[in-house]
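Asks: Prediction below, plus the sequence it came from.
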Amino acid sequence: MNQRRPSTVTDLALVAVFAGVISAATLAPAIPVGPVGVPITLQTLAVALTAMILGPWRGFAATALYVIVGLAGLPVFAGGASGLGVLAKPSAGYLLAFPLAALLIGFLTRIVLTRTEGRNGLRWALLLLAGLAGSFAFVHPMGIAGIALNAGLPLDKAFLADLVYWPGDIIKNIAASFVALAVHRAFPGLLVHPSVQLDQLPEAVRS
């Protein structure tokens, strides 16, 4: 029996588009806060949304492409920053955490979508938890490490410096989960695994 397999061209296009979405998120004014001035941006919202929409591997690829392009010299980071010099800034840990966070969020999103069909309230709550898992498993721990290393703060003070970003990340993950849920309701086959049989898909997806 035929199986639905993802198009490589489509995958590459989605990866490129969402790398652009993350880049576009930096166009919103960055707000420096805390003792080391790491800015509040919309990057974490874009990373979570990318992972929730594209899934683990495409989400990881899109986010990694964004980071690589910025490190290569294109001004796609917050405030128009670019180049390897950003790795010496206090924000370096947050930046390097993005692909890992996207990978985890994407995996959890795939599990949520395959096990909660038709239960949108539960889906939204679990997508929110998936986004928070990525934030608190990777973004904040690596961000704290980057602050401690590059700003010369002890870990306890770096942790306190990171606390200011928690409320905003929670709000951004709430927004990302709402948008991702709407996208998956409109395109229910977006994260279907290649092993799923074609006749198991909704008619709207097969057509």
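Replies: Yep, it's here.

Asks: mind showing which ranges of the chain have poor pLDDT?
Replies: 1-6, 192-207 (pLDDT under 70).

Asks: neighbours of G79, just the number please.
Replies: Close neighbours of G79, defined as other Cβ atoms under 10 Å, add up to 14. (Each C-beta comes from the backbone N, C-alpha and C, glycine too.)

Asks: typed the wrong thing, it's W57
Replies: W57 has 16 neighbours, counted by other Cβ under 10 Å.

Asks: Assess the claim that it and G106 are in contact.
Replies: Yes. With contact defined as Cβ atoms under 8 Å, W57 counts as touching G106 (7.2 Å).

Asks: who touches the residue nearest the centre of the chain in this structure?
Replies: Nearest to the geometric centre of the chain sits V47, at 2.3 Å (Cα atoms, centre = their mean). Contacts for V47 (Cβ atoms under 8 Å, 6 or more residues apart in numbering) come out as 22, 63, 98, 101-102, 105, 134.

Asks: mind running it again at 10 Å?
Replies: When contacts are counted by Cβ atoms under 10 Å, 6 or more residues apart in numbering, V47 touches 18, 21-22, 25, 59, 62-63, 66, 94, 97-99, 101-102, 105, 131, 134-135, 139, 172, 176.

Asks: List the buried residues of the biggest helix by length in the chain.
Replies: In the chain, taking DSSP state H as the definition, the longest helix is helix 92-115. Across helix 92-115, burial judged by 16 or more other Cβ atoms under 10 Å covers 92-110, 112-113.

Asks: angle of the following helix or strand past that helix against helix 92-115?
Replies: Where DSSP states H and E defines the elements, the next helix or strand beyond helix 92-115 is helix 120-134. For helix 120-134 against helix 92-115, the angle by axes from the mean of the first three to the mean of the last three Cα atoms, to 10 degrees is 150 degrees.

Asks: Buried residues in helix 120-134, which are they?
Replies: Neighbour counts over helix 120-134 (16+ other Cβ under 10 Å) mark 123-124, 126-128, 130-134 as buried.
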